[in-house]
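# Pasted the sequence and its predicted model underneath.
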Amino acid sequence: MSNIISFNFEHFSDVPGYFIIVESNGSILLANKSSQTDLGITPGDSIEKIYSPESLLKIEHIRATSLSEFRFCKTEGRILFANGKVFPASVTFIPLEGANTVLMNIVNVGIQKKNELDLLRFKYIAENTINPIQITDLSGKMVYVNPAYTKISGFSKNELLGNNPNVFGSGKHSKQWWDNVWNVINSGKTWIGQVENQKKNGESFFAQLQITPIYDDDNNILGYFGIHRDLTDQRNLEKQLIHTQKMESIGTLAAGVAHEVGNPLASISALAQIIQRTTDDVFIKDKLELIKKQITRISKIIRDLVDFSRPSNYELKSTDIHQCIREAVEIVHVGKKAKDVVIKSLFPSDSLFLPLVSDQIQQVFVNMLINAIDSINEKREKEGTDYQGEIIIDSYRENENLIITIEDNAYGISKEHINKIFEPFFTTKAVGKGTGLGLWVSYGIVKSFQGDIKVESEPGKSTKFYILLPLNPIY
């Protein structure tokens with residue numbers, strides 16, 4: 001009979017897991033390789049050798065029951081590895097007909113229990129986190145959404161499960177943009193980016209989205225795990241910082257406005273009124289017309305300053321980018337600091353319209369011009385009046401972008417600082433003379449228009465900023 005058992009048992013020889021044939025007296029008749037290697041047993045040993053003491057009676061009772069009642073029996077207990085370590089196990093006994101023996105199968109459930117515990121922990125985290133979480137299959141259909149996802153989207157689970165996440169989409173990202181996302185995650189990489197979603201009630205929801213592939217044990221992609229981080233507060237803070245930076249710019253110009261605008265405007269207005277009352281002379285009328293133009297010009301500057309300080313409505317509108325530059329130049333040119341600075345505008349005089357938020361892009365130009373003027377004045381203080389500060393503004397098209405350049409002939413930026421200039425609160429100005437937010441805010445504004453800012457600098461000689469704006473952005 002043992003020959004027959006030996007022949008049949010060969011099928012278990014190289015199978016992972018533990019398979020043992022045990023005689024009625026508890027002696028091991030046969031054991032597969034895994035059992036002999038991991039459990040340290042050989043034929044002839046007592047099966048009690050592998051039991052942890054607290055499990056011995058329980059498992060042996062089940063083995064005896066399986067033999068006496070000739071039926072399949074199963075239990076759980078603790079088994080000893082050859083090195084003395086203990087693992088929780090599922091133990092199954094199958095009686096072998098006519099042999100008075102049982103086939104014993106031992107399965108280490110420690111890994112399974114750990115996986116179950118990990119899954120329970122993940123479920124608790126997923127169900128209670130404030131971040132919306134979704135899991136999709138390979139086709140992009142949602143198979144799981146957590147409560148935060150349903151809460152923020154306004155859709156119920158029934159409305160979401162089985163559907164593509166685009167039910168939560170705003171439609172403002174192009175097909176090409178989403179194709180790029182799929183290319184990244186299908187290649188097995190994690191994609192991270194900012195998205196604008198739309199709630200069921202039509203409200204926008206801005207979030208940072210991370211999508212990560214889910215793999216099985218064979219490293220095949222099973223689906224995708226997505227987690228959203230709400231950026232609403234961050235965007236509100238950015239709006240506040242933008243407005244704060246505007247107020248800082250206005251404060252810098254306040255003294256110049258009072259001197260260069262307030263006093264001349266009062267004088268010119270008074271003079272115009274006197275002339276209007278006292279003469280019909282043609283020559284004087286010509287001068288009066290000139291005075292009126294000056295009054296109109298100064299009044300426009302004041303209006304621009306007032307408009308500039310108002311909170312933005314953050315709506316994209318067709319904006320004449322060249323006119324924005326001209327208005328920014330007028331705003332900074334009224335300040336005392338800019339009095340001796342030559343600003344050359346080489347960009348075309350014709351209009352060029354782009355979808356922008358006009359006062360935001362104007363703020364970018366104002367920030368950069370003020371930085372250039374401050375740097376020029378710093379150089380003049382050290383080199384004297386023989387130095388002539390100059391700012392050159394130009395624009396040109398390159399591929400699908402409009403490139404605006406702002407170049408000054410001041411001190412330039414050192415190599416150790418050039419990689420930090422777009423960081424928040426980084427400034428090379430003296431304490432109290434700058435917050436370090438100007439370029440950071442400007443960079444964020446241009447990025448929000450799908451553009452970019454680059455800089456070239458020759459320390460001691462010049463700095464040149466390149467503002468890249470797409471001619472045909474897809475929002």
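It's in. Numbering: from 1, shown residues only.
# Helices of the protein, start to end?
Using DSSP state H, the helices of the chain run over residues 2-9, 33-39, 56-69, 110-128, 147-153, 157-160, 175-186, 232-257, 263-278, 282-309, 321-333, 358-383, 415-418, 438-448.
# want to try CSV for the ones you listed, with distance to residue 464, mean neighbour count and mean pLDDT as columns?
Placement of C-beta: from N, CA and C, glycine included. Formatted as CSV, these follow (distance: least, Cβ to Cβ, whole Å; neighbours: other Cβ atoms under 10 Å; pLDDT from 0 to 100):
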stretch, distance to residue 464, mean neighbour count, mean pLDDT
helix 2-9, 82, 12, 48
helix 33-39, 70, 17, 92
helix 56-69, 81, 16, 94
helix 110-128, 49, 11, 86
helix 147-153, 44, 18, 92
helix 157-160, 50, 14, 92
helix 175-186, 31, 13, 91
helix 232-257, 21, 15, 64
helix 263-278, 34, 12, 74
helix 282-309, 25, 13, 67
helix 321-333, 16, 20, 90
helix 358-383, 10, 21, 89
helix 415-418, 12, 12, 81
helix 438-448, 14, 20, 85
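# Relative to residue 103, which of these is closest?
Residue 103 lies closest, by Cβ to Cβ, to one member of the helices of the chain: helix 2-9, at 8.3 Å.
# quick one on the thing from earlier: identify whichever of the helices of the chain lies nearest to residue 22.
Residue 22 lies closest to helix 56-69 among the helices of the chain, at 6.8 Å (Cβ to Cβ).
# So which of the helices of the chain is nearest residue 342?
Across the helices of the chain, residue 342 has its closest neighbour in helix 358-383 (9.5 Å, Cβ to Cβ).
# The closest one vs helix 321-333, what angle?
40 degrees (axes from the mean of the first three to the mean of the last three Cα atoms, to 10 degrees).
# buried ones in stretch 192-201?
For stretch 192-201, the buried set under the neighbour-count rule, 16 or more other Cβ atoms under 10 Å, comprises 195, 197, 198.
# just to revisit the earlier point, adding distance to residue 82, write the helices of the chain out as a markdown table.
A markdown table is the format used below for the helices of the chain (distance: least, Cβ to Cβ, whole Å):
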| stretch | distance to residue 82 |
| --- | --- |
| helix 2-9 | 21 |
| helix 33-39 | 6 |
| helix 56-69 | 17 |
| helix 110-128 | 16 |
| helix 147-153 | 47 |
| helix 157-160 | 49 |
| helix 175-186 | 44 |
| helix 232-257 | 56 |
| helix 263-278 | 97 |
| helix 282-309 | 79 |
| helix 321-333 | 77 |
| helix 358-383 | 71 |
| helix 415-418 | 61 |
| helix 438-448 | 61 |
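# what's the closest of those helices to residue 19?
When the helices of the chain are compared by Cβ to Cβ, helix 33-39 sits nearest residue 19, at 6.6 Å.
# same for that closest one, what does it pack against?
strand 18-23 (3 or more Cβ pairs under 8 Å, 6 or more residues apart in numbering; DSSP states H and E).
# What residues sit buried inside the strand it packs on?
Here strand 18-23 shows 18, 19, 20, 21, 22, 23 as buried, counting by 16+ other Cβ under 10 Å.
# Kindly state the beta-bridge partners for the fourth one.
Spelled out, it's residue 21. residue 30, residue 103 (DSSP bridges).
# Please report how far it lies from residue 47.
Distance of residue 21 to residue 47, given as Cβ to Cβ, to the nearest Å: 10 Å.
# Overlap of the contact sets of the two?
28, 104 (Cβ atoms under 8 Å, 6 or more residues apart in numbering).
# wait, which of the helices of the chain is closest to residue 341?
Closest approach to residue 341 among the helices of the chain is made by helix 358-383 (5.5 Å; Cβ to Cβ).
# Quick one: work out the angle between the closest one and helix 438-448.
Using the same axes, to 10 degrees: helix 358-383 against helix 438-448 is 150 degrees.
# Can I get stretch 110-124 in CSV? Just the C-alpha atoms.
Backbone C-alpha positions of stretch 110-124 (Å, rounded to 0.1, in the frame of the first residue of the first chain) are rendered in CSV as follows:
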residue,chain,number,x,y,z
GLY,A,110,-0.2,34.6,8.3
ILE,A,111,0.4,36.4,5.0
GLN,A,112,-3.3,36.1,4.2
LYS,A,113,-4.3,37.5,7.6
LYS,A,114,-1.7,40.3,7.2
ASN,A,115,-3.2,41.2,3.8
GLU,A,116,-6.7,41.1,5.2
LEU,A,117,-5.5,43.5,8.0
ASP,A,118,-3.8,45.7,5.5
LEU,A,119,-7.0,45.8,3.5
LEU,A,120,-9.0,46.6,6.5
ARG,A,121,-6.6,49.5,7.4
PHE,A,122,-6.8,50.8,3.9
LYS,A,123,-10.5,50.7,3.9
TYR,A,124,-10.7,52.6,7.1
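# Any chance you could list what contacts that stretch?
87, 88, 89.
# quick one: it to chain centroid distance?
29 Å (Cα atoms, centre = their mean, to the nearest Å).
# Understood, closing this out.
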